[in-house]
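>>> Turn this into a structure:
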Amino acid sequence: MKKLDVKVFILGPIETNCYICYSRESRDAVLIDPADASLEVLNFIAKNNLKLKLIVFTHGHWDHITGADYFKDKLKTQIACHQNELQLIINSSLSLSPFIGTGVRISEISKTLEEGEEIMLGDDALVVKTTPGHSPGSIILLSERNGFLFSGDTIFCQGIGRTDLPQGSETELVNSIEKCILTLDDNLRFYPGHGQSDTIGNFRKWYNKYWV
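Numbers count the residues shown, from 1 in each chain. The predicted model follows:
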């Protein structure tokens, strides 16, 4: 029986998917990729009596982190990312924020995440899997028990993440996809950083046809 629910919000100037994943039973929740400040997100958390445990970045590009300090201040919670992504968050040029005419900076990263670490939501968990390539510290968050994952900009519906950005690597991205994504069940659903969700099976068909 699935115990975790997913709510998607499309935020920011390039329509980034921001997610709340929460336990139906405990009401524990995690906020993933807060692309911008949003009263809609705050109202959803309050209306559903959610207890936000953590804000998590799948990676540190500006369009996934801009709203982090807003939610940190409003909800009094911590911010987490992979250790290898700290350099992007500290250095606004690596987070690509100069492209929007401003430097996006995060006041504090309270926690760094490691491969295999579990983010507990009640008695269920999201498992951190490292997927470098789009950026050095990109991660996905996986719940095989509930049949879904959050893929950030590692994979999309009929697409993979860009590797022509600073510190991107096509070789690493392909390795991450083949090691961490294509080994999963076809029925598992992924929620990407942009665009619609899809299944691993559909992604596999696209990948084998257009990329291999």
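>>> C-alpha from now on. contacts and neighbour counts both.
Will do.
>>> Going C-terminal from whatever helix or strand Ile55 lives in, what's the next secondary structure element?
Here Ile55, judged by DSSP states H and E, is contained in strand 51-56. Note on strand 51-56: by DSSP H and E, the next helix or strand toward the C-terminus is helix 62-65.
>>> any idea of the mean pLDDT for that next one?
Summarised as a single mean, pLDDT over helix 62-65 is 90.
>>> contacting residues around the strand holding Ile55?
Contact with strand 51-56 is made by 27-34, 45, 68, 72, 75, 77-81, as judged by C-alpha atoms under 8 Å, 6 or more residues apart in numbering.
>>> Could you measure from the nearest residue to Arg204 once chain neighbours are set aside over to Pro166?
Distances taken as C-alpha to C-alpha, 6 or more residues apart in numbering place Leu182 nearest to Arg204, at 6.6 Å, with adjacent residues excluded. In this view, Leu182 and Pro166 are 26 Å apart by C-alpha to C-alpha, to the nearest Å.
>>> Return the distance of the lengthiest helix in the chain from the chain's centre.
Of all segments of type helix in the chain, defined using DSSP state H, the longest is helix 200-210. Mean-position distance between helix 200-210 and its chain equals 21 Å (C-alpha atoms, centre = their mean, to the nearest Å).
>>> ok, Phe9 - contacts?
Applying C-alpha under 8 Å, 6+ apart, we find Phe9 in contact with 17-19, 41.
>>> Please identify the helix or strand for it.
Counting by DSSP H and E, Phe9 is part of strand 4-11.
>>> Pull out the buried residues from that strand.
4, 9-11 (16 or more other C-alpha atoms under 10 Å).
>>> ok, those vs His64, which is closest?
Nearest to His64 among the buried residues of strand 4-11 is Leu11, at 9.2 Å by C-alpha to C-alpha.
>>> how far away is the closest one from Thr163?
Distance from Leu11 to Thr163, by C-alpha to C-alpha: 23 Å.
>>> Over to Thr58?
Distance from Thr58 to Thr163, by C-alpha to C-alpha: 15 Å.
>>> Check Lys74 too.
According to C-alpha to C-alpha, Lys74 and Thr163 sit 34 Å apart.
>>> Which one's more surrounded, those two?
Neighbour totals were compared for Lys74 and Thr163, and Thr163 leads with 17 against 10 (other C-alpha atoms under 10 Å).
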